[in-house]
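Q: Please work out how this folds:
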Amino acid sequence: MAFTAGLREILIEPQKIEDLQIPQNLILDLMLRLLYNEGNVALSRMVQVLHIHSGILDSLLLWMQKEHLVEVSQAGTGLGRLSYVYTLSEAGELRARAALERSQYIGPVPVPVTDFVRAIEMQTRTRSRISPEQVKNALRHMVLPPDFHRRIGPAINSGHSLFLYGPPGNGKTTIAEAIARLIAGSDPIWLPYTITAGGYIIQIFDRLVHNRPENEEQLASELGRYDRRWGLFKRPTVIVGGELKMEALELRYDPISKYYEAPLQLKASGGMFLIDDFGRQQVSPTDLLNRWIVPLESKVDFLRLQSGQTIVVPFRQLIVFSTNLDPNELVDDAFLRRIQIKVEVQAPDEKRFFHIFTMVCKEMNIAFDKTAFAYLLQNWYLKNGRTLQAVHPRDILLTLTALCEYEGTTPQLTPQLLDEACRIYFVD
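A: The predicted structure is shown next:
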C-alpha cells in the first residue's frame, strides 16, 4: 500500500499530549468516564480503550494522582507502571460525574477534524485504478450487453456519481452491489474512529459499514508504529432504500449520550453510497436535490453543530442512484447535470432472456428443455405483451422448484409446471 508523505505525517504515533492536537480536558474526561464505568482500570486497559500511547496516559495519571483524583489500587509486577491498576478517589468521582454530564462517550480518543479532512482528500486522490478486466469480471455472473462495462467503469474510477435507471427487475441493484465489491477490494482506507470539532465528539466508525481488510496487519506493518486513533478499513459501502430520512444526512446528536453520529455520506467517505429505489425514500427527491446539489459540484459538505458552528468536510465517495422511475419526472435538469454518468439498464431481449434462463437452469440443476422454454415465451410473454425481465427466470424456476418439492418430485421443465408456476408468480 502506497503512503504519501502527508499521510505518513498524519498517521505517525503521537508521543506527547501536544501531538494529539486536541484539548487535554477532552482526554481527561474520557479517562474519568472509563474509570467511573469500570471501577478499577489498569493502564494497559486504558491504552486498549483510548488508543493512545501509554506514555501520554501515564503522564496524565501522574498529574491526576497529584490532584488526588485517582489512586493506585493495585501495583502489578514485571511491567512497571503499565501494570498499575487505578481507581477514582472521592474527588475524582465528582469530576467523573461532571464529565458524564458533558458526554457519555467512551472509546478511542478523537482526532481533529482538520486531520480527517486532509487524510480523506489524500486517499481519494491517489486510489488505484480499476481496470476494464476487473469490471467485466465483477459483472460476469450477469447477462449484460457486451460493452456494458464501459458505461459504468469510468464512474467507478472517477469516484463521482452514477445514475442507474430503467424498468424494475433487470439488475440495477445487483450491478451496484458488484461495484461496491470492486471498490471494497481496491486499496483500503485509513479512517479515524472519531473526530472532534467545536469541542464536540463525532463518531465516524460504524460496525455495519467499516470492515477490516484480510491483510490488515501486513498493510499496517508497512507504516510501522502508527496513531491507533485511526483504523485501516476496506473502502466502505452504505446502502439505503425507502427508509432514508433527511436526518440521516446530517450530524445526529444524541441528547442522552451527548455526542454526534456522523451522517451516512461521511461514513461512506472514500467508498460508495448507494441510494436504492431512488424516489421512494421518505425524503423527497427535491429535498435531497437541495441538500446535495452543492456537494455534488464542489466535493465538500457543510455540517452544522448544535452550537451553530458549521464544519466543512470532504464529500468524497461514489454516489450511486438507482431507480425504476422516470428520471425526468424525479429531478430537474440541474440535478441530472451534476450526476456525471447516467446508465440505462434495459430489459433483456429474447436472446439475452434465453441466455439468462439457461444459466439459471444450470445453477439450479434443472435440465433445460427448449420446447418448454418456447412454450413459456409464447404463452406468458408474446401472447399477452408481458415485458421480459432479467429477474423472471430465477423467480419462475424457484417457484417451480417449490411446487415440485411440495409434491416430492424432481423439478423439470414442462408446460404444465411452467403454467402453474407462472399463475402463482404473475399478477394478471
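
Q: Show me the strands in the stretch 151-300 of the chain, by range?
A: Taking DSSP state E, counting those that start in this stretch as the criterion, the stretch 151-300 of the chain contains strands spanning 161-165, 189-192, 194-197, 200-203, 230-233, 237-240, 252-253, 260-261, 272-275, 300-304.

Q: List the buried residues in the least confident helix or strand in the chain by mean pLDDT.
A: For the chain, the helix or strand with the lowest mean confidence is helix 216-221, at a mean of 76 (criterion: mean pLDDT, DSSP states H and E). Across helix 216-221, burial judged by 16 or more other C-beta atoms under 10 Å covers 219, 220. For glycine as for every other residue, the C-beta is placed from the backbone atoms N, C-alpha and C.

Q: Give me the contact list for it.
A: Contact with helix 216-221 is made by 1, 188, 213, 226, 232, as judged by C-beta atoms under 8 Å, 6 or more residues apart in numbering.

Q: What is the distance between that helix and the centre of its chain?
A: In terms of C-alpha atoms, centre = their mean, to the nearest Å, the gap separating the centre of helix 216-221 from the centre of its chain is 21 Å.

Q: Same question for stretch 369-389.
A: Taking the mean C-alpha point of stretch 369-389 and that of its whole chain, the gap between them comes to 40 Å (C-alpha atoms, centre = their mean).

Q: go on, stretch 100-112?
A: Taking C-alpha atoms, centre = their mean, one finds stretch 100-112 lying 23 Å from the centre of the chain it belongs to.

Q: one step back: now, which of the contacts of helix 216-221 sits nearest residue 331?
A: Proximity of the contacts of helix 216-221 to residue 331 was ranked by C-beta to C-beta; the top entry is residue 188 with 33.6 Å.

Q: Wait, that closest one touches residue 230, no?
A: No. Residue 188 lies out of contact with residue 230 (C-beta atoms under 8 Å); the separation is 11.6 Å.

Q: For residue 364, give me its contacts.
A: When the contact criterion is C-beta under 8 Å, 6+ apart, the partners of residue 364 are 397, 398, 401, 411.

Q: follow-up on the earlier one: for my notes, please list the strands of the stretch 151-300 of the chain in JSON lines and give mean neighbour count, distance to residue 11 and mean pLDDT for each entry.
A: Converted to JSON lines, these look like this (neighbours: other C-beta atoms under 10 Å; distance: least, C-beta to C-beta, whole Å; pLDDT from 0 to 100):
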{"stretch": "strand 161-165", "mean neighbour count": "23", "distance to residue 11": "29", "mean pLDDT": "90"}
{"stretch": "strand 189-192", "mean neighbour count": "25", "distance to residue 11": "6", "mean pLDDT": "95"}
{"stretch": "strand 194-197", "mean neighbour count": "22", "distance to residue 11": "15", "mean pLDDT": "96"}
{"stretch": "strand 200-203", "mean neighbour count": "23", "distance to residue 11": "19", "mean pLDDT": "96"}
{"stretch": "strand 230-233", "mean neighbour count": "21", "distance to residue 11": "6", "mean pLDDT": "95"}
{"stretch": "strand 237-240", "mean neighbour count": "20", "distance to residue 11": "23", "mean pLDDT": "93"}
{"stretch": "strand 252-253", "mean neighbour count": "14", "distance to residue 11": "28", "mean pLDDT": "94"}
{"stretch": "strand 260-261", "mean neighbour count": "21", "distance to residue 11": "23", "mean pLDDT": "96"}
{"stretch": "strand 272-275", "mean neighbour count": "24", "distance to residue 11": "24", "mean pLDDT": "93"}
{"stretch": "strand 300-304", "mean neighbour count": "16", "distance to residue 11": "23", "mean pLDDT": "95"}
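
Q: and of the ones you listed, who's closest to residue 48?
A: Using C-beta to C-beta, the strands of the stretch 151-300 of the chain put strand 230-233 closest to residue 48, at 13.8 Å.

Q: Redo the strands of the stretch 151-300 of the chain as CSV? Include distance to residue 415.
A: Output for the strands of the stretch 151-300 of the chain, formatted as CSV (distance: least, C-beta to C-beta, whole Å):
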stretch, distance to residue 415
strand 161-165, 36
strand 189-192, 54
strand 194-197, 62
strand 200-203, 58
strand 230-233, 52
strand 237-240, 40
strand 252-253, 56
strand 260-261, 56
strand 272-275, 40
strand 300-304, 57
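
Q: so which of those gets nearest residue 33?
A: Of those, nearest to residue 33 by C-beta to C-beta is strand 200-203, at 11.4 Å.

Q: per-residue confidence for residue 187?
A: Listed pLDDT for residue 187 reads 87.

Q: let me redo that: residue 226
A: The model reports residue 226 with a pLDDT of 91.

Q: Who is it paired with across the strands?
A: Beta bridges link residue 226 to residue 12, judged by DSSP bridges.

Q: Please apply the same query to the one 4 residues further on.
A: Applying DSSP bridges to residue 230 yields these beta-bridge partners: residue 192.

Q: what's it in contact with, if anything?
A: Applying C-beta under 8 Å, 6+ apart to residue 230 gives the contacts 11, 111, 119, 190, 191, 192, 193.

Q: Turn the residues you listed into JSON lines, including distance to residue 390.
A: Conversion of the contacts of residue 230 to JSON lines gives the following (distance: C-beta to C-beta, whole Å):
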{"residue": "11", "distance to residue 390": "45"}
{"residue": "111", "distance to residue 390": "45"}
{"residue": "119", "distance to residue 390": "40"}
{"residue": "190", "distance to residue 390": "38"}
{"residue": "191", "distance to residue 390": "36"}
{"residue": "192", "distance to residue 390": "41"}
{"residue": "193", "distance to residue 390": "41"}
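
Q: From the residues you listed, pick the one nearest residue 168.
A: Minimum separation from residue 168 among these (C-beta to C-beta) is found for residue 191, which lies at 34.8 Å.

Q: just checking, which of the contacts of residue 364 belong to strands?
A: Counting by DSSP state E, none of the members of the contacts of residue 364 fall within strands.

Q: Narrow those to those that are buried.
A: The neighbour-count criterion (16+ other C-beta under 10 Å) marks 397, 401, 411 among the contacts of residue 364 as buried.

Q: of the residues you listed, closest to residue 307?
A: Using C-beta to C-beta, the shortest approach to residue 307 within the buried ones among the contacts of residue 364 belongs to residue 397, at 58.2 Å.
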